[in-house]
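>>> fold the stuff below for me.
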Amino acid sequence: MKKAYFGTDGIRGKVGEYPITPDFVLKLGWAAGRVFSLDRYPSNVLIGKDTRISGYMFESALEAGLAAAGVNTQLLGPMPTPAIAYLTRTFRAQAGIVISASHNPHYDNGIKFFGPDGMKLPDEVELQVEEQMDKPMTTVESSRIGKASRISDAVGRYIEFCKSTIPSRIEFNGLKIVVDCAHGSTYHIAPHVFEELGAAVVAIGIQPNGLNINDGVGATKPEQLSRTVLTEQADLGIALDGDGDRLIMVDHKGEIVDGDELVYIIAKSRLKSGALKGPVVGTLMSNLGLEHALDDLGLEFKRAAVGDRYVMEMMLQHDSVLGGESSGHIICRDRITTGDGIVSALQVMTAMHETEKSLNELKSGMAKYPQCLVNVKMQEKINLDQFEPVQKLKNELQRELGSKGRILLRPSGTEPLIRIMVEGQDAHVVRAIADRLADAVSSVLT
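Have a look, this model is predicted:
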């Protein structure tokens, strides 16, 4: 069955526009509560959020809907998405709910769920929730209405967990780092993690006001981080996104180190320590340079569909412990069940510590192919496969690139965009091909 509401990463959209409205989220809380309460009574669900202003409104709506279904809620306040996944498991909750639109601006928001295992809900459970959405909302008898409480030590628990993901003998004394929290949910967590491990921390993006999340800062806008690293003469920079599940880093030269390069660094480190198991998993967007660099190490590389849930699915299928996306979603499955920016940064810094090499030196083992990404806005979802001129042009251009290049056209799973990705050996050729495809797609959309 096709899902009506859930996308690749929960339900997301513009605040105040269907389905991201208080009444819909109230009903969603009730519907989810109905599904979760079938397993156990009383059920217990955790709710966390990022720092965008609409989170307060949707937190209240979810809490009311869950209570009406007879489900108890424990409120975490502003917490990174991976922290909610972790705490859902440690509190033995039936589910964890995240109120966040990740890297999107403040005027967007979304709802995503984790199951009791700390992993994204499988399709069949999301379909069960949608089935309940079609039913009239009811309230359990008053003696069974859910209660709400607040977990006061969630931040401390998660900080200790992050530190536990690297060997206790490792300290980062003498290392100066810049940490950009995107005015998001890691603002009160990430600086403490690295400081408690010995690093000298310069923190930026740590003054959320409900409206400035991801605004010119964070993993999707690392330019300010690059400038600060150079100004502070820091050893490296760490950029997280609004909900803390993405990581982009900057080396001491101010050069951006993306998710593909970080996956390569972690893979090489894990291989050396004997901790790497199964293939490394990337996506259709992963740079060809990553595939070739891993092949040079004798490692198998597999591509999943775009989206961290699909990366995780393939990792589970092949019993892999490492996967990730160019955008910075990196899953270290031997540490946590979802993408975690802080944990991933700690793995990279551990590789630096063990090899006594800089981030710039570690990334040099992978040569990236020139890659061009172009986004074309669309008013409504379309299937590009049905437009023969676009497909014909794509096939012609792919033949020009040959085996040393790739073209990918796909709709975004989180935004109203058609994403065009072209990579090859010549940057000028790659840009020209991307522009031609963008013009072709735009003409179809208009």
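
>>> tell me where the longest helix sits in the protein.
In the chain, taking DSSP state H as the definition, the longest helix is helix 427-445.

>>> show me the contact partners of that one.
Residues outside helix 427-445 that contact it (Cβ atoms under 8 Å, 6 or more residues apart in numbering): 370-374, 376-379, 382, 384, 387, 389-390, 393-394, 397, 400-401, 405, 407, 409, 418, 420-424. Glycine gets a C-beta too; all of them are placed from N, C-alpha and C.

>>> let's see 10 Å
For helix 427-445, the external contacting residues (Cβ atoms under 10 Å, 6 or more residues apart in numbering) are 369-380, 382, 384, 386-387, 389-394, 396-398, 400-401, 405-407, 409, 418-424, 426.

>>> could you identify the buried members of those residues?
For the contacts of helix 427-445, a neighbour count by 16 or more other Cβ atoms under 10 Å gives the buried set as 369-372, 374, 376, 378, 384, 387, 390, 393-394, 397, 401, 405-407, 409, 418-424.

>>> helix/strand/coil for residue 193?
Counting by DSSP: H, G, I helix; E, B strand; the rest coil, the backbone at residue 193 sits in helix.

>>> quick check: closest non-adjacent residue to it.
Counting by Cβ to Cβ, 6 or more residues apart in numbering, residue 193 lies nearest to residue 162, which is 4.8 Å off, once chain neighbours are set aside.

>>> just the element for that neighbour, please.
helix 154-164 (DSSP states H and E).

>>> please apply the same query to residue 272.
Going by DSSP H and E, residue 272 is in helix 259-273.

>>> send the alpha carbons of the helix or strand just after that helix over as CSV?
Later in the chain than helix 259-273, the nearest helix or strand by DSSP H and E is strand 280-283. The C-alpha trace of strand 280-283 is given here as CSV (Å, rounded to 0.1, in the frame of the first residue of the first chain):
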residue,chain,number,x,y,z
VAL,A,280,30.3,-0.1,3.6
VAL,A,281,26.9,1.3,2.5
GLY,A,282,26.4,4.6,0.7
THR,A,283,23.6,5.9,-1.5
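
>>> could you pull out the strands for the stretch 301-446 of the chain?
Listed in chain order, the strands found in the stretch 301-446 of the chain under DSSP state E, counting those that start in this stretch are 301-304, 322-324, 330-332, 371-377, 406-411, 417-423.

>>> now the second one, how far from the chain's geometric center?
Computed by Cα atoms, centre = their mean, to the nearest Å, the chain-centroid distance of strand 322-324 equals 12 Å.

>>> could you do stretch 10-24 as well?
20 Å.

>>> isn't residue 262 up against residue 362?
Yes: using Cβ atoms under 10 Å, residue 262 is in contact with residue 362, at 9.4 Å.

>>> any shared contact partners between those two?
In terms of Cβ under 10 Å, 6+ apart, residue 262 and residue 362 are both contacted by the residues 348, 351.

>>> neighbour-wise, which of the two wins?
When residue 262 and residue 362 are compared for neighbours, residue 262 comes out ahead with 25 against 22, by other Cβ atoms under 10 Å.

>>> what's the distance between that one and residue 181?
Per Cβ to Cβ, to the nearest Å, residue 262 is found 18 Å from residue 181.

>>> with residue 124 instead?
For residue 124, the distance to residue 181 - Cβ to Cβ - is 36 Å.

>>> of these two, which one has the most company?
Set side by side, residue 124 and residue 181 show more neighbours around residue 181, with 31 against 8, by other Cβ under 10 Å.

>>> verify the stated contact: that one with residue 247.
No: Residue 181 is beyond contact range of residue 247, at 11.8 Å (criterion: Cβ under 10 Å).

>>> list residues touching both of these two?
238, 239, 240, 241, 341, 342.

>>> filter those to the buried ones?
Here, 16+ other Cβ under 10 Å leaves 238, 239, 240, 241, 341, 342 buried among the shared contacts of residue 181 and residue 247.

>>> could I get these as JSON lines with pLDDT and distance to residue 287?
Listed next are these as JSON lines, based on pLDDT from 0 to 100; distance: Cβ to Cβ, whole Å:
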{"residue": "238", "pLDDT": "98", "distance to residue 287": "21"}
{"residue": "239", "pLDDT": "98", "distance to residue 287": "19"}
{"residue": "240", "pLDDT": "98", "distance to residue 287": "21"}
{"residue": "241", "pLDDT": "98", "distance to residue 287": "20"}
{"residue": "341", "pLDDT": "98", "distance to residue 287": "20"}
{"residue": "342", "pLDDT": "98", "distance to residue 287": "24"}
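
>>> nearest to residue 203 among the residues you listed?
For those, the closest approach to residue 203 (Cβ to Cβ) belongs to residue 238, at 9.9 Å.
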